[in-house]
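Chemist: Fold the following and give me the result.
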Amino acid sequence: MLIGNGSNNSTRSSNTQSQDTSITANVKASLIRDNQIDAFNIKVTTYYGVVTLNGYVTDAAQISKSIKHASTITGVKRVTSNLIIINQ
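Modeler: Numbers count the residues shown, from 1 in each chain. Next up is the predicted model:
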């Protein structure tokens, strides 16, 4: 018996999910290694190789550096930054 319509368009394969998880971990590790970025205020998510950065930083330089770090990771297709500058 087959249940459903057989379409898997809305479900990522386990291989894609694994690649996205690896990309997320590598981006986060790269951000943490940079002592000029407060990586703990940045949430990293990856979906089909597209990395999204969400959170708060203290200046524009941190945004630029965060995007650069994410862009250098193998498998990243694009980086979207939703980072916001806050005054501390």
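Chemist: can you tell me which residues contact residue 63?
Modeler: By C-beta atoms under 8 Å, 6 or more residues apart in numbering, the contact set of residue 63 is 57, 81, 83, 85. All C-beta spots, glycine's among them, are computed from the backbone N, C-alpha and C.
Chemist: Now do the helix or strand that contains the second one: which elements does it pack against?
Modeler: Applying DSSP states H and E as the criterion places residue 81 in strand 78-85. Of the remaining helices and strands, those touching strand 78-85 by 3 or more C-beta pairs under 8 Å, 6 or more residues apart in numbering; DSSP states H and E are strand 50-57, helix 60-71.
Chemist: Pull out the buried positions in whichever helix in the chain runs longest.
Modeler: Among the elements of the chain assigned as helix by DSSP state H, the one spanning the most residues is helix 14-33. The neighbour-count criterion (16 or more other C-beta atoms under 10 Å) identifies 19-20, 23-24, 26-28, 30-31 as the buried residues of helix 14-33.
Chemist: so what does it touch, helix or strand wise?
Modeler: Packing contacts for helix 14-33, counted by 3+ C-beta pairs under 8 Å, 6+ apart, involve strand 42-47, strand 50-57, helix 60-71.
Chemist: and if we set it to 7 Å?
Modeler: With contacts defined as 3 or more C-beta pairs under 7 Å, 6 or more residues apart in numbering; DSSP states H and E, the secondary structure elements packing on helix 14-33 are strand 42-47, helix 60-71.
Chemist: Need the contact partners of it.
Modeler: 37, 39, 42, 44-49, 51, 66, 69-70, 73, 75-76 (C-beta atoms under 7 Å, 6 or more residues apart in numbering).
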